[in-house]
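A.B. asks: need coordinates for the following:
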Amino acid sequence: MTDYFDIVVVGAGHAGCEAALAGARMGLKTLLLTLNLDSVAMMPCNPAIGGTGKGHLVRELDALGGEMGLAIDDTFIQSRMLNTGKGPAVYSLRAQADKMNYKARMRRAVENQPNLTLRQGEAKRILTENGAVTGIETVTGSVINCRAAVLCTGVYLKSRIIIGQHSWEGGPQGLVAASFLTQSLMDLGFSIRRFKTGTPARVDVRTVDFSKMTPQPGDDPIVPFSFLTDPEGLKNRTLCYLTYTTPETHEIIRANLHLSPMFSGSIKGTGARYCPSIEDKVVKFADKERHPIFLEPEGLNTVEWYVQGMSSSMPESVQREMYRSVPGLENAELMRLAYAIEYDCIDSTQLSSRFEARHVKNLFCAGQINGTSGYEEAAAQGLYAGLNAALALKEKEPLILDRTNSYIGVMVDDLTTKGTDEPYRMMTSRAEYRLLLRQDNADVRLTEMGYRAGLAGEDRMRRLEKKLAEKEEALKYLQNHWAGPAEKLSALLQERGQPPMNGSARLSDLIRRPGIGYADLAKAVEGLPAISAPARELTETELKYEGYLARQQADIRRFQREEEMLLPEDIDYMAIDNLRIEARQKLNRVKPRSLGQASRIPGVSPGDISVLMILMEKRRREKEEA
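C.D. replies: Here you go, the predicted model:
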């Protein structure tokens, strides 16, 4: 049996859904192939979308025309903005999801999308001809012919579940592993790595004593993830709860470390540094008497709750003992055990800056196959890979995001230039220009790019234009109007702990004062333009951080000068004698797009960059003479 599609997306997790939707929305006949139809957009671990750094990714993929932001806005049960005690650069939105509703919502988007076919099946082999993808062969022997493929295999490649001394081949939450595709990747020349992640137990909420825990309410008003979502009417529908481990918990763990696969050596895969198991935390932070544990609902129509912060691979008997040592969980019944999972992934430096394999044309990779962790990282990569696969088939220029315009660009550059030796997680600290890459201006930075590429629709562009027009109107008014020490204004300054006015002041200077926002000023001074909340936030930030933003823009211009110095694609770095051996090897493997990217490759020194600059100048002169 043979079939034909323009694009085949392998895997229907968060990366696969976004990749398939992107390809189909750009008019290409797309197949989404999944091991199990019931696992589309499944959340096998935490029941939440967003978080520090991750919230930025969701807003960026939404700005480009993705689905995740809309899906979580439709199915969230609690929403909070994190890091509000710090500056706007690190504000990060996070929402608890109703996991079953989220899955159903995303599956509806997939099933109702024109040009997109959803099918259950397991990919066995990637078919190629003359170094380019020609199709996918399944385990049942069928051949699906295609012009491009996007691999979004998640944690399923030769995956192994580990609980104590017991282990077996399997995927998350009782699903099957993908046992064959790894060999096909190796046959194509991919370097394979073994990574590990894990998840905590789930408890029956009827056996939890919340009187011993601290309630964690959501925010009011609620900020949506999607720029298309109307915030009016959005409301929180549940509480989460905070508790802590105890010295007894830690003693139980220490007494049973010899039974932990993490410490006995039976787990070979590399785990996530920023999402350690409870065993890891107790050992590495031995001076801490307690660790925070959050109880989060899996949904509104289930008694199953998630125990955030207690990921483990301990034996079942130890798990029951240590969970019940936590205040409020003394009588907890475990509905699902915590477990670790090992899986195969590739060396991401074998991908170009558009996530295409350097050695196999029209083969793209996204998500945990690239060595990352997290739903949000996966979804952002899926959209990026699917969009670029579609652009390649349409013979259009790729959409290249970089460190200056997006967190997605930071992630892409980190993965393809530096690679990763452990599951990669996005954090605000990874972005050098994070004051410019805020979540509130993701649409300003990216929607026009997504629109030009053919993914973001007219509605997004019109909303962006309206927001920018409102911001410009407000800025012009604030910079050209003054106010004196009127009663309302003086009362506002006193309330916010600001010094009184000696005379008149420009409105833009007043709004730069700490604690004074546009909405506050509008109540104290008549005549301010009525603008939307997103436009107010943008206006305030640009005024309050004007000097810092200008400095980052200058830094970006310097960065872009090096990025614009493109390196020839045909350079054989091994033949450049003046380069050190390590630099030759790494440059030849990564094949950097620009001098800037070359300078970020670990092991390439400033001296090596000087050699490349001399080589480029020599080539330029030879070209001019010719």
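
A.B. asks: show me which residues of the helix-or-strand element of the chain with minimal mean pLDDT are buried.
C.D. replies: In the chain, the helix or strand scored least confidently by mean pLDDT, DSSP states H and E is helix 261-264, which has a mean of 83. Residues of helix 261-264 classed as buried: 261-262 (neighbour count, 16 or more other Cβ atoms under 10 Å). No exception for glycine: its C-beta is placed from N, CA and C like everyone else's.

A.B. asks: C-alpha coordinates for it, CSV please?
C.D. replies: Taking Å, rounded to 0.1, in the frame of the first residue of the first chain, the C-alpha atoms of helix 261-264 are listed here in CSV:
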residue,chain,number,x,y,z
PRO,A,261,17.9,3.4,39.8
MET,A,262,19.4,6.9,39.7
PHE,A,263,22.1,5.9,42.2
SER,A,264,22.5,2.2,41.5
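
A.B. asks: what ranges in the stretch 1-150 of the chain fall below the confidence cut-off?
C.D. replies: 1 (pLDDT under 70).

A.B. asks: what about the helices in it?
C.D. replies: In the stretch 1-150 of the chain, the helices defined using DSSP state H, counting those that start in this stretch lie at 14-25, 54-64, 68-75, 99-111.

A.B. asks: the longest one to helix 68-75, inter-axis angle?
C.D. replies: Right, the one you point to is helix 99-111. Relative orientation of helix 99-111 versus helix 68-75 (axes from the mean of the first three to the mean of the last three Cα atoms, to 10 degrees): 130 degrees.

A.B. asks: and the biggest helix by length in the chain, what does it pack against?
C.D. replies: Longest among the helix segments of the chain by residue count, using DSSP state H, is helix 458-480. For helix 458-480, the elements it packs on are helix 442-453, helix 507-511, helix 533-544, judged by 3 or more Cβ pairs under 8 Å, 6 or more residues apart in numbering; DSSP states H and E.

A.B. asks: 10 Å instead, please
C.D. replies: If you count contacts as 3 or more Cβ pairs under 10 Å, 6 or more residues apart in numbering; DSSP states H and E, helix 458-480 packs onto helix 54-64, helix 442-453, strand 505-506, helix 507-511, helix 518-524, helix 533-544.

A.B. asks: tabulate those (CSV), appending distance to residue 484 and mean neighbour count.
C.D. replies: Shown next, in CSV, are the helices and strands packed on helix 458-480 (distance: least, Cβ to Cβ, whole Å; neighbours: other Cβ atoms under 10 Å):
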stretch, distance to residue 484, mean neighbour count
helix 54-64, 40, 30
helix 442-453, 34, 21
strand 505-506, 8, 15
helix 507-511, 11, 19
helix 518-524, 12, 17
helix 533-544, 20, 20
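
A.B. asks: is it possible to get JSON lines of these that adds distance to residue 205?
C.D. replies: Listed next are the helices and strands packed on helix 458-480 as JSON lines, based on distance: least, Cβ to Cβ, whole Å:
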{"stretch": "helix 54-64", "distance to residue 205": "26"}
{"stretch": "helix 442-453", "distance to residue 205": "35"}
{"stretch": "strand 505-506", "distance to residue 205": "54"}
{"stretch": "helix 507-511", "distance to residue 205": "46"}
{"stretch": "helix 518-524", "distance to residue 205": "39"}
{"stretch": "helix 533-544", "distance to residue 205": "35"}
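
A.B. asks: centre of the chain to the least confident helix or strand of the chain, how far?
C.D. replies: The chain centroid and the centroid of helix 261-264 are separated by 29 Å under Cα atoms, centre = their mean, to the nearest Å.

A.B. asks: who does that helix touch, helix- and strand-wise?
C.D. replies: strand 160-163, strand 192-204, helix 278-284, strand 339-346.

A.B. asks: the strands in the stretch 101-250 of the chain, which residues?
C.D. replies: With DSSP state E, counting those that start in this stretch applied, the stretch 101-250 of the chain shows strands at 116-120, 123-129, 132-138, 143-151, 160-163, 166-169, 192-204, 214-216, 240-244, listed in chain order.

A.B. asks: re earlier: quick one, which of the helices and strands packed on helix 261-264 is packed in tightest?
C.D. replies: The highest mean neighbour count among those, using mean count of other Cβ atoms under 10 Å, belongs to strand 339-346: a mean of 25.

A.B. asks: what's the angle from that one to strand 192-204?
C.D. replies: 150 degrees.

A.B. asks: state the helix or strand in which residue 387 lies.
C.D. replies: Taking DSSP states H and E as the definition, one finds residue 387 inside helix 375-393.

A.B. asks: average model confidence for stretch 501-514?
C.D. replies: Stretch 501-514 comes out with an average pLDDT of 91.

A.B. asks: run through who's touching that stretch.
C.D. replies: 474-486, 489-490, 492-493, 496-499, 516-518, 520-521, 524-525, 527-528, 539-540, 542-547 (Cβ atoms under 10 Å, 6 or more residues apart in numbering).

A.B. asks: re the thing from before, any idea which of the helices and strands packed on helix 458-480 gets closest to residue 343?
C.D. replies: Of all the helices and strands packed on helix 458-480, helix 54-64 sits nearest to residue 343, with 20.4 Å by Cβ to Cβ.

A.B. asks: angle of that closest one against helix 442-453?
C.D. replies: Computed by the same axes, to 10 degrees, the angle between helix 54-64 and helix 442-453 is 40 degrees.

A.B. asks: next one: helix 54-64 to chain centre, how far?
C.D. replies: Chain-centre distance of helix 54-64: 8 Å, with Cα atoms, centre = their mean.

A.B. asks: swap in stretch 445-453?
C.D. replies: How far stretch 445-453 lies from its chain's middle: 19 Å, per Cα atoms, centre = their mean.

A.B. asks: what's the answer for stretch 196-210, then?
C.D. replies: Stretch 196-210 has its C-alpha centroid displaced from the chain centroid by 25 Å (Cα atoms, centre = their mean).

A.B. asks: end to end, how far does it reach?
C.D. replies: 32 Å (Cα to Cα, to the nearest Å).

A.B. asks: let me see the mean pLDDT of it.
C.D. replies: 97.

A.B. asks: ok, stretch 171-190 next?
C.D. replies: Rounded mean pLDDT across stretch 171-190 is 96.

A.B. asks: of the strands of the stretch 101-250 of the chain, which is nearest residue 280?
C.D. replies: strand 192-204 (9.7 Å).

A.B. asks: elements contacting the closest one?
C.D. replies: The contact analysis (3+ Cβ pairs under 10 Å, 6+ apart) places strand 192-204 against strand 160-163, helix 181-187, helix 261-264, helix 278-284, strand 304-311, helix 316-323, strand 334-336, strand 339-346.

A.B. asks: ok, now with 7 Å
C.D. replies: Using 3 or more Cβ pairs under 7 Å, 6 or more residues apart in numbering; DSSP states H and E, the elements in contact with strand 192-204 are helix 181-187, strand 304-311, strand 334-336, strand 339-346.

A.B. asks: compute the inter-axis angle for that strand and strand 304-311.
C.D. replies: If you take the same axes, to 10 degrees, strand 192-204 sits at 130 degrees to strand 304-311.

A.B. asks: quick check: angle from strand 192-204 to helix 316-323?
C.D. replies: Inter-element angle recorded for strand 192-204 and helix 316-323: 60 degrees (by the same axes, to 10 degrees).

A.B. asks: CSV for the helices and strands packed on strand 192-204, including distance to residue 413?
C.D. replies: Shown next, in CSV, are the helices and strands packed on strand 192-204 (distance: least, Cβ to Cβ, whole Å):
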stretch, distance to residue 413
helix 181-187, 23
strand 304-311, 29
strand 334-336, 37
strand 339-346, 17
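
A.B. asks: how much space between the residue nearest the centre of the chain and residue 77?
C.D. replies: Of all residues in the chain, the one closest to the mean position by Cα atoms, centre = their mean is residue 377, 2.6 Å from it. To residue 77, residue 377 is 23 Å away according to Cβ to Cβ, to the nearest Å.

A.B. asks: got it, and residue 232?
C.D. replies: Per Cβ to Cβ, residue 232 is found 18 Å from residue 77.

A.B. asks: which one's more surrounded, these two?
C.D. replies: Set residue 232 next to residue 77 and count neighbours by other Cβ atoms under 10 Å: residue 77 wins out with 25 against 7.
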